[in-house]
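*Asks:* prediction below, plus the sequence it came from.
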Amino acid sequence: MINSPEYVASIKPYIPGKPIEELERDLGIKRSIKLASNENPLGPSPLAIEAIKKVTDLNRYPDGGGYYIRDELSKRRSVGLDNIILGNGSNELIDIAVRTFLKPGDEAVMAYPSFVMYSMLVQSVGGRPVEIPLRDYRHDLTGMLNAVTERTRLLFIANPNNQTGTINRKDEFNHLVCRLPDNILIVVDEAYYEYVTDPEYADSMKHFRDGKNILILRTFSKIYGLAGLRIGYGIARSDIITEMNKIRPPFNTSTMAQVAALNALYDKGHIKRSLEINEDGKRYLYKELDRLGLRYVPTEANFIYLPVENSMVLYKRLFEIGIFIKPMGQEAIRVTIGLPEENRLFIETISKVISSM
C-alpha cells in the first residue's frame, strides 16, 4: 500500500455530485432546477459561444501565456501584463498561491464558514488552516488580524463571502491591510465582485496600486457564465506573479477558455442582463421569503444564505422533488438566484414543504 503524508491523509476529499441527467433518472423526473452552484442562469455570452465555434486549431497547444486575454485585462484594469496570471478557474490560482508561499508548518488565516478549498489546499502542503468564525455572517477581520502569528504566511478573504454573500467594507479592510506584517500575502477572492452594489465595498485594487502584499482573484465562472471552461485570473505585484509562474503549469488554460473569456469581456449587454436578472430575482426572493417568515442574509452575490432549522431535512425534501440547493451543515441552506420561473418554482415548492413539515 502506498501511503500519503499524514497531512494529506487527514483531508476529507471533495465529493462531486452526479450529473443532472443521472439524478433526474434516479428520481424519475423529467426536469429539475439546479440552484446549488451559483452559476449564471442565463448561460454564457452569445459572443463567447460564437467565438469558440470558430476555433479549429485544437491540434495545437494553447497560448501558454494567454497573451490576448491578459492584454485585454491589463487595459481594462489599468495594470501591466506582468501583473496578471491566468488560472484553470481562480481555484487553481488558490492552489498555486498555497504551493508557492507555504511550507509545512506554516499557517494560513481564513474565515469559517467560507470557501472550503482554502483549508483543504493549505492542508495539502502540510500547512495549518487557522479558521476564525464569522461574526454576523461576515468575516471578522479584527479576529483574523488577532490570529496572526509568526508562522502566518497567507490570509484569505472571500469578498463577497462564498457561503453567506456578505462583504467587508472599505474601512475595516483598510484597517486590516495596514496592520498586517510585511511577510504575509493577503489573498482576496473576488469571484462575485461584479454582483456587488454596496458603494462601501472594499477597494482591493487600491492596495494593489499602493504596492501591498495582495493577490486579487477573479473568475469567468460566475457572471460571465463560463464555469464549464474553467478560467480565472489573478492580479498582484510582478514579483508575486513571477514566483507563482514558477509553479503554474505552462498550458493551464485551454484555447477554448481563452477565446470565450476574451469575447465575454466584450459583451456588455450580457453582463447588463445578468445583473438585471440577479437584482430582480433578489428582490422577488426577499419579498417571498419575508412572506413565508424565513430568515435570510442579505446578499451582495448571486445566491442567498438562509439560516433554517432542519436544513438537511429541507434539502432532502427539495432534492426528491428535483430542486437542487446547497445544504450548509445542519443550520442553513444556500440558494442560487435563478431565472424568474426557477425562483417562482423554488418559492412554491419550499412553501409546500415547510407547511408539511
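*Replies:* On my side now, so go ahead. Numbers count the residues shown, from 1 in each chain.
*Asks:* can I assume G17 is in contact with L23?
*Replies:* Yes. With contacts defined as Cβ atoms under 8 Å, G17 counts as touching L23 at a distance of 7.3 Å. Just so you know, the C-beta spots here come from the backbone N, C-alpha and C atoms, and that holds for glycine as well.
*Asks:* more neighbours, the two?
*Replies:* Between G17 and L23, counted using other Cβ atoms under 10 Å, L23 has the larger neighbour count: 16 against 11.
*Asks:* quick check, pLDDT for the more buried one.
*Replies:* pLDDT recorded at L23 is 88.
*Asks:* for it, helix, strand, or coil?
*Replies:* helix (DSSP: H, G, I helix; E, B strand; the rest coil).
*Asks:* what helices or strands is the longest helix seen in the chain leaning on?
*Replies:* Selection of the longest helix in the chain by residue count, based on DSSP state H, yields helix 268-292. The contact analysis (3 or more Cβ pairs under 8 Å, 6 or more residues apart in numbering; DSSP states H and E) places helix 268-292 against strand 303-307, helix 340-356.
*Asks:* list the contacts of L154.
*Replies:* For L154, the contacting residues are 97-98, 101-102, 106, 108-109, 122, 127, 184-187, by Cβ atoms under 8 Å, 6 or more residues apart in numbering.
*Asks:* again, only using 7 Å
*Replies:* By Cβ atoms under 7 Å, 6 or more residues apart in numbering, the residues touching L154 are 97-98, 101-102, 108, 184-185, 187.
*Asks:* check M312 too.
*Replies:* 327, 330.
*Asks:* tell me the mean pLDDT for whatever helix or strand it lives in?
*Replies:* Secondary structure assignment for M312, by DSSP states H and E: helix 311-321. Per-residue pLDDT over helix 311-321 has a mean of 94.
*Asks:* may I see the buried residues of that helix?
*Replies:* 311, 314-315, 317-319, 321 (16 or more other Cβ atoms under 10 Å).
*Asks:* check stretch 57-73 too.
*Replies:* Buried residues in stretch 57-73 (16+ other Cβ under 10 Å): 62-63, 65-66, 69-70, 73.
*Asks:* repeat for stretch 329-349
*Replies:* Under 16+ other Cβ under 10 Å, the buried positions of stretch 329-349 are 332-338, 342-343, 345-347, 349.
*Asks:* equivalent analysis for stretch 230-244, please.
*Replies:* 230-237, 240-241, 244.
*Asks:* residue boundaries of the helices in the protein?
*Replies:* Under the criterion DSSP H, the chain contains helices at 6-9, 20-27, 46-53, 67-77, 90-101, 117-124, 141-146, 170-179, 204-209, 238-245, 255-266, 268-292, 311-321, 340-356.
*Asks:* can you tell me what sits against the first one?
*Replies:* Surrounding helix 6-9, the residues in contact under the criterion Cβ under 7 Å, 6+ apart are 123-124, 126.
*Asks:* same question for the longest one.
*Replies:* Contact partners of helix 268-292, identified using Cβ under 7 Å, 6+ apart, comprise 40-42, 45-46, 195, 223, 296, 299, 302, 304, 337-340, 343, 347, 351, 354.
*Asks:* shaky segments in this structure?
*Replies:* Judged by pLDDT under 70, the chain has no weakly predicted residues.
*Asks:* identify the residue spatially nearest to the residue nearest the centre of it, adjacent ones excluded.
*Replies:* Geometric centre of the chain, nearest residue: A191, 4.3 Å, by Cα atoms, centre = their mean. Distances taken as Cβ to Cβ, 6 or more residues apart in numbering place T219 nearest to A191, at 4.8 Å, with adjacent residues excluded.
*Asks:* alright, calling it a day.
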